[in-house]
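Student: Show me how the following folds:
(one chain, ligands or ions: 1)
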Amino acid sequence: MSDLFWVLYRIVFGALFGLLIGSFLNVCIYRLPRHETIVRGHSYCPHCRHELAGADLVPIFSYLFLRGRCRYCAQPISPRYARIESATGFIFALTAGLWGSGPFAPAADKPAWLAFLPDPGYSALAIACVLTAFSALLVWSMILFDGQLPPQTLYGFILVPSLLRLAIQPDRILLHLAGAAFAAAVWWLLESLHLLPESERANRRHIFTGLSLLGLTGGLIALQPVMAAILVASVLALLAKKPERASRLVHLFLPAAVLASAVIWLVL
Ligand SMILES: [Zn+2]
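Tutor: Numbering: from 1, shown residues only. Next comes the predicted model:
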């Protein structure tokens, strides 16, 4: 079998797995800020509360087949569920295609305690760390986008895999610590210059924490979308007349920054 076959095989497998994870992320985005459990309980229509069957829950395909309407009450289903699934499928496919190369290549100087780990296991571990952190960041950005507050435990699902990944790829440590420090510094500078919209204190702490962790996960190279998001959001906030509208604009740029960072850190 040719190399191309295996690359395509990994991309298709990654995309399908990503669609399933994207469907789970939708559940997390909806339930976590409402303090509902994400491990048990059936999915239901938010309009008619009818329990959804397996055929209603196939990522993207159910949405297309039902033409964007609930099977039971015919109310429109928000297209964002399918969008989150497609975005996750895309990032997972891209990551699986890069198995063992690019950002998932074994560290040039493999630490001694990792000598036992064969290279494929090494790549798989790096990929699992990055995808876990990415998924948690996407959930974080969408919860803020909805005007809700993410639970503190969500940050553990970004921080722990990002640090584990740096422990197994020590040649990347400086790049990623600099990314975190830089994101934090930019946010702090804009905040102390009062260039950010006056929203609730709690919200700002969450945005600061998430953007710093995005810098830690993606490294310096993934910071451009973060910077662009902060700058565009602060300019729009200055122009916006109503403060609620201004903070909404900042939140709109968070999911965009997470997705753009993920693509940049994978491709560059
Ligand atoms: Zn319904």
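Student: after the worst-scoring helix or strand of the chain on mean pLDDT comes which helix or strand?
Tutor: Least confident helix or strand, the chain: helix 223-239 with a mean of 75, by mean pLDDT, DSSP states H and E. Scanning forward in sequence from helix 223-239 by DSSP states H and E, the next helix or strand is helix 243-267.
Student: how far is that next one from where the chain is centred?
Tutor: Chain-centre distance of helix 243-267: 10 Å, with CA atoms, centre = their mean, to the nearest Å.
Student: where do the helices sit along the protein?
Tutor: Assigned by DSSP state H, the chain shows helices spanning 3-31, 61-65, 80-97, 119-145, 153-168, 173-192, 201-218, 223-239, 243-267.
Student: rewinding a little: for the least confident helix or strand of the chain, packing partners?
Tutor: helix 173-192, helix 201-218, helix 243-267 (3 or more CB pairs under 8 Å, 6 or more residues apart in numbering; DSSP states H and E). Heads up, the C-betas are built off the backbone N, CA and C, glycines and all.
Student: Please see if stretch 67-75 touches the ion.
Tutor: Yes - Stretch 67-75 lies within reach of the ion by CB under 5 Å from the ion, at 70, 72-73.
Student: what about the stretch 101-250 of the chain, any weak spots by pLDDT?
Tutor: Filtered on pLDDT under 70, the stretch 101-250 of the chain yields the residue ranges 195-202, 237, 240, 243, 246-247, 250.
Student: and the residue nearest to I221 when sequence neighbours are not counted, how many neighbours?
Tutor: Leaving out its chain neighbours, the residue that sits closest to I221 by CB to CB, 6 or more residues apart in numbering is L268, at 5.4 Å. By other CB atoms under 10 Å, 11 other residues sit near L268.
Student: And S2, by the same measure?
Tutor: 7.
Student: P151 contacts R34, correct?
Tutor: No - counting by CB atoms under 8 Å, no contact exists between P151 and R34, whose distance comes to 10.3 Å.
Student: Pick out whichever of these two has more residues nearby.
Tutor: Per other CB under 10 Å, whichever of P151 and R34 has more neighbours is P151, with 15 against 7.
Student: Can you pull the phi/psi pair for that one?
Tutor: phi -70, psi 150 (degrees, to the nearest 10).
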